[in-house]
Structures are given as structure tokens and as C-alpha cells.
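> kindly return the folded structure for what I paste below:
(2 chains)
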Amino acid sequence: SQTIHQWPATLVQPVGSPLSLECTVEGTSNPNLYWYRQAAGRGLQLLFYSVGIGQISSEVPQNLSASRPQDRQFILSSKKLLLSDSGFYLCAWSTGGNSPLHFGNGTRLTVT
Amino acid sequence: QKEVEQNSGPLSVPEGAIASLNCTYSDRGSQSFFWYRQYSGKSPELIMSIYSNGDKEDGRFTAQLNKASQYVSLLIRDSQPSDSATYLCALVGNAGNMLTFGGGTRLMVKP
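Numbering: from 1, shown residues only, chains lettered A, B, ... in the order given. A predicted model of the protein is given here:
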């Protein structure tokens, strides 16, 4: 069966510091991978998605970037965090087409 | 008009009652529809998928899809306090490959 791992679970970082969140999927090949952010009490905001190694699509302009160095690895990064980057970051995967997304457990990021 | 609309709630129902959660969408070509449950502080969990008009039942959950009227609903029978969560409606639009989420409805089941 497929599993998705996301870490760390919680993170507190000062403004201006870098960020690296990692997500890996097991049990499937060539998944579509996604990064979402959810601000407190708000809906899901799609940040990035990838349909293959090295293929990244950005949905919103911001100081975040994503990379997919391996088929089942998706990384979210920032060089300098802003207070507005605080939120709940969710990695998800799907097989594409009409299939649903499956989410990791998320990372709660607080920028102080 | 938002692509996927849900009443944000909270929807409050007594324990044992039927909770009815509704979702309307604008893309008439939408093909696949999903309901997710999100407990406070947790990630969304897929609870129902529905692809064709009609009802689909899974335990206490029933998903209903009406493509002509462009709505999908989720019924929760014999609601329990543990059902208290935010329920997200999502769909794959006509272009395919991407899910669009509604803002979610917060359900509160009171003992």
C-alpha cells in the first residue's frame, strides 16, 4: 500500500531564516505531488505541483520554491522566511487524472 | 462565483441525527467528486469518492451527486460527537488532473 511521509511535524523558525520541508511517497511510481498551505481557519491553498522529476508548476508567486530531485521526493524551500509564511503545510500525492489526493500529516510552521 | 462553494457553518446537529453537508460547483464538466474530513490540527482524510449521478453509501456516510443541478452532498447518519470536524468538498474539473477544493463546512455534533 502507498504511504506518504512528511517531516518535521512542527517547526518554529525566525524571520529571515531558510526553510526546507521534505515529503516522500512509498508504494507507487511516478505520482503527482503537491504542496498546499492552510492558514489558521482557512481553506487549502495550492502552492506547487509536480507531474514528474524536475517538473514543477507554481500556482502563486511568493518566496517559496519547490523541487523534485527524485520520483517520490518533493521538497519545499525558502531562502528567507516571512511572518506571512506561517501556516500548516501539507504534502499530497495522486495518480493523476480523476483520482483523489492523499495527504501527509502536515508540518505546522510558525515564523517568529 | 467560486468554483466550489460550501457553507462554512458551523452546522450543529444533535447526536444521533442526520447531518447534511452540501456543495455546489460551477464547472459543468466536472468528473470526479470527493469528500474529505479534517479534524482540527490534522490533515484532510479522504472519506468518500463519487463519479456518477446518484447515491453512494459507505457505512454511515452517503454521498449524493446531481450533475444536472451541479451539486454534491454528504449525509452522515447517526451522527456522533467524533464526527465533529470540517468537511471539504473537492472535484476534478473538466480540464482534468487537478483537484479544486471548497472552503469546507464545520460540523459540530452535540451530545
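> please, where are all the strands along chain A?
Secondary structure of chain A, counting by DSSP state E: strands at A:3-7, A:10-13, A:19-26, A:32-38, A:44-52, A:55-58, A:64-70, A:73-78, A:87-94, A:102-103, A:107-111.
> can you put those strands in TSV and add mean pLDDT and distance to residue B:62?
All C-beta spots, glycine's among them, are computed from the backbone N, C-alpha and C. Below are the strands of chain A laid out as TSV (pLDDT from 0 to 100; distance: least, C-beta to C-beta, whole Å):
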stretch	mean pLDDT	distance to residue B:62
strand A:3-7	94	28
strand A:10-13	97	36
strand A:19-26	96	31
strand A:32-38	95	27
strand A:44-52	93	24
strand A:55-58	90	35
strand A:64-70	95	37
strand A:73-78	96	34
strand A:87-94	97	24
strand A:102-103	96	22
strand A:107-111	97	33
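> what would these look like in CSV with mean neighbour count and distance to residue B:56?
Shown next, in CSV, are these (neighbours: other C-beta atoms under 10 Å in any protein chain shown; distance: least, C-beta to C-beta, whole Å):
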stretch, mean neighbour count, distance to residue B:56
strand A:3-7, 17, 25
strand A:10-13, 13, 36
strand A:19-26, 18, 27
strand A:32-38, 24, 24
strand A:44-52, 19, 23
strand A:55-58, 14, 32
strand A:64-70, 16, 34
strand A:73-78, 20, 31
strand A:87-94, 24, 20
strand A:102-103, 22, 19
strand A:107-111, 18, 33
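> what about the strands in chain B?
Listed from the start of the chain, chain B has strands (DSSP E) covering B:4-5, B:11-14, B:19-25, B:32-38, B:45-50, B:54-58, B:61-66, B:71-76, B:85-92, B:99-101, B:105-110.
> so which of the ones you listed is nearest chain A?
Between chain A and those, the shortest separation by C-beta to the nearest C-beta is 3.9 Å, and it involves strand B:32-38.
> residue ranges with poor pLDDT in chain B?
Along chain B, the parts satisfying pLDDT under 70 run over B:1-2, B:96-97.
> quick one: residues contacting the residue in it sticking out farthest from the centre.
In terms of distance from the mean C-alpha position of chain B, residue B:111 ranks first, at 22.3 Å (C-alpha atoms, centre = their mean). The contact partners of residue B:111, by C-beta atoms under 8 Å, 6 or more residues apart in numbering or on different chains, come to B:15, B:81.
> check residue A:46 too.
The neighbours of residue A:46, taking C-beta under 8 Å, 6+ apart as the test, are A:34-36, A:59-60, B:98.
> kindly report the same for residue B:19.
By C-beta under 8 Å, 6+ apart, residue B:19 lies in contact with B:11, B:13, B:75-76, B:79, B:83, B:107, B:109.
> that older thread, deepest-packed of the strands of chain B, please.
Burial of the strands of chain B is given as mean neighbour count (mean count of other C-beta atoms under 10 Å in any protein chain shown); strand B:85-92 ranks first at a mean of 24.
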